[in-house]
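[1] Mind looking at a prediction? Sequence and model below.
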Amino acid sequence: MGESFIAEARREQIIQSCIDTLEEVGYTKVSLTKIAKKAKVSTGLISYHFSDKMDLINQTLLYLLEKKLDFISGKVVQEETPTSQLTAYIEACLAYQVANFKYNIALIEIVFNVENEEGIPFYRADNGEEDEDPIYTLLKEILLDGQQKKEFSNQFDVEMICVLIQGAIEESMLKHNKTFSFEKYKNELIKMVLKIVI
């Protein structure tokens, strides 16, 4: 039990160092040597926990997506109506982005620079519905539930509105300057989305 806990903690330490390195130098300059230096461990120890650089990058991507999903779904599940769940979803997505700027950069670096086994960049790979982003799926379920319960209008296309909401959230990801108010943006976005769906 103790050993597996230590191994898990070590894996997370290496993943965190991978995130830091991605944020600092970008994917094209990331190496196991730089990650090891950041983690204050040997490259051999990284190779013990991850089969190669690609395995570490893939595990880092899964870690980033899980952290984001856990945070957002944790907020949504506390709400009882589709309207309050949709509001909580937008608030949680924006709050997560503000609190985890480094994670956002690492995620962008991986998604836009890493290629799958067929040589297709992650952002262009179409893996079908079975591999749909769980955060996107959560939003889709909220909208469908709202329509089924007649709390939301059935005059909008769920897929289209998901794209609109996700696009509006993700577009604000890099707006980290003093003149941009996330609080104001959140309120405006919620107001706009509720006008469309109700």
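    Nice, I can see it. Numbers count the residues shown, from 1 in each chain.

[2] Residue 65 sits in which helix or strand?
    Element membership for residue 65 (DSSP states H and E) is helix 53-76.

[3] what angle do the following helix or strand past that helix and helix 53-76 make?
    For helix 53-76, the following helix or strand on the C-terminal side (DSSP H and E) is helix 82-99. Helix 82-99 and helix 53-76 are oriented at 140 degrees to each other (axes from the mean of the first three to the mean of the last three CA atoms, to 10 degrees).

[4] Okay, buried residues for helix 82-99 please.
    Residues of helix 82-99 classed as buried: 82-83, 85-94, 96-98 (neighbour count, 16 or more other CB atoms under 10 Å). No exception for glycine: its C-beta is placed from N, CA and C like everyone else's.

[5] in the helix holding residue 65, what counts as buried?
    For helix 53-76, by 16+ other CB under 10 Å, it's 56-61, 63-65, 68-69, 71-73, 75-76.

[6] Same check on stretch 171-190?
    Those would be 172, 173, 185, 186, 189, 190, for stretch 171-190 by 16+ other CB under 10 Å.

[7] likewise stretch 16-26?
    Using 16+ other CB under 10 Å as the test for burial, stretch 16-26 gives 16, 17, 18, 19, 20, 21, 22, 23.

[8] so what does the host helix or strand of the last one touch, helix or strand wise?
    Meaning residue 23. Assigned by DSSP H and E, residue 23 belongs to helix 2-25. Counting by 3 or more CB pairs under 8 Å, 6 or more residues apart in numbering; DSSP states H and E, the packing neighbours recorded for helix 2-25 are helix 32-39, helix 43-49, helix 53-76, helix 101-113.
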